[in-house]
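Trainee: Got a predicted structure plus its sequence, pasted below:
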Amino acid sequence: MTDFTKGHPPMGFATNGLMRHTSERGDDALARHRHDPQARIVLFAGDIPILRHTESGLSALHPAAIRGALPVAEEVYLGTLDGSHVLALLTAADQLEAFERDGTCFVLDLRSVATQGLVPEREAGMLAEAKSLLSWHARHRFCANCGAPTRASASGFRRDCDACGTQHFPRTDPVAIMLITHGERILLGRQARFPAGNYSCLAGFVEPGETVEDAVRRETFEEAGVRVGEVRYMLSQPWPFPSSLMIGCHGIAADDSLDIDYEEMEDVRWFSRDDVALMLEDRHPDNLRTPPPVAIAHHLVRLYLAR
Ligand SMILES: [Zn+2]
């Protein structure tokens, strides 16, 4: 019998080695460490992370000197890693070509970097943090209250509007993702855009004025017609496309009848534990599978099977 608790690959973006030093963010932290020659830089050109070849593989951390030659669109003080200050830096997307030509750098979209496990685990969460923050700056240049330009403050963790005094904070969008069970069976579904054979946990954004538990119940009923009773939190995952927080839950279905919303879902099914175990290990006879370890759904399924 497979031991689902041992030796599993890590969940994407879930490990972040940074000390954040939130109390030091007053504008000084970024100003003080911006030109520190010992600082490390996490670099994005547009939405694309720029990685560095090192003797032990790829790394998200660049030496401080890389800052000198680049046009800086946005920067954020992230905190410290092994005692070094770490800054996130956004440069123009048109710098990508130069990085692609530079033999010391490696350029690939962040989703692929995580899926292929290309950086050390503790740097993956840091890349997610940098991506969400830098994307937020790039897309929130003007005040949502009065329309005037805003400026970055609090070492990059806030934007201030000098015209009306409003402070804007980085957004995090909560998404409920749920492993629904009925007796020993597990509810999984697929959207038409999924790779062939892939079945995953149902999921949806938590709406204003809604608890996570109610979002689990509502989304499951809307997508599959299944009524859910008890809901328990399991684990969560930052998902930086652009700034979601996946909140993984286990929900107990009140009954097993299905009424599938085919606008949203291509298929939803109850699977046996044995089927799901084979899907998790990519050994299912019908080539059905669960998402890879980069996705929280993989870990919700694995943790449930391990119980
Ligand atoms: Zn304003």
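Mentor: That came through fine. Numbering: from 1, shown residues only.
Trainee: give the contact list for Ala73.
Mentor: Neighbour list for Ala73: 90-92, 137-138 [criterion: C-beta atoms under 8 Å, 6 or more residues apart in numbering]. The way it works is simple: take the backbone N, C-alpha and C, and place the C-beta from them, glycine included.
Trainee: whoops, I mixed them up, Arg218
Mentor: Shown in contact with Arg218 (C-beta under 8 Å, 6+ apart): 204, 207, 210.
Trainee: Quick check: it is in a helix.
Mentor: Yes. Under DSSP: H, G, I helix; E, B strand; the rest coil, Arg218 sits within a helix.
Trainee: Renumber starting at 254 from here on
Mentor: New numbering, starting at 254: the last item is Arg471.
Trainee: where do the helices sit along the stretch 404-553 of the chain?
Mentor: 465-477, 526-533, 549-559 (DSSP state H, counting those that start in this stretch).
Trainee: So what touches the shortest one?
Mentor: By C-beta under 8 Å, 6+ apart, the surrounding residues in contact with helix 526-533 are 255, 257, 437-439, 441, 452, 524, 537-538, 541-543, 551, 554-555, 558.
Trainee: which among those end up buried?
Mentor: By neighbour count, with 16 or more other C-beta atoms under 10 Å, these hold 257, 438-439, 441, 452, 524, 537, 541-543, 551, 554-555, 558 as buried.
Trainee: and after the helix or strand of the chain with the lowest mean pLDDT, which helix or strand comes next?
Mentor: One helix or strand of the chain scores below all others by mean pLDDT, DSSP states H and E: helix 349-354, with a mean of 91. Following helix 349-354 in sequence order, the next helix or strand is strand 358-360 (DSSP states H and E).
Trainee: and the residue in the stretch 454-560 of the chain positioned nearest to the ion, what does it touch?
Mentor: Closest to the ion within the stretch 454-560 of the chain is Ser496: 21.3 Å, counting by C-beta to the ion. Contact analysis of Ser496 by C-beta under 8 Å, 6+ apart lists 385, 388-389, 423-426.
Trainee: ok, it to Phe458 distance?
Mentor: According to C-beta to C-beta, to the nearest Å, Ser496 and Phe458 sit 12 Å apart.
Trainee: now His261
Mentor: Counting by C-beta to C-beta, the gap from His261 to Phe458 is 28 Å.
Trainee: Kindly report the same for Gly299.
Mentor: Distance, Gly299 to Phe458, by C-beta to C-beta: 25 Å.
Trainee: swap in Ala401?
Mentor: 29 Å.
Trainee: What ranges does the stretch 454-560 of the chain have for its strands?
Mentor: Shown for the stretch 454-560 of the chain, the strands assigned by DSSP state E, counting those that start in this stretch span residues 455-458, 481-492, 497-506, 520-524.
Trainee: Show me what the longest one is packed against.
Mentor: It stands for strand 481-492. On a contact count with 3 or more C-beta pairs under 8 Å, 6 or more residues apart in numbering; DSSP states H and E, strand 481-492 meets helix 374-392, strand 426-435, helix 465-477, strand 497-506, helix 549-559.
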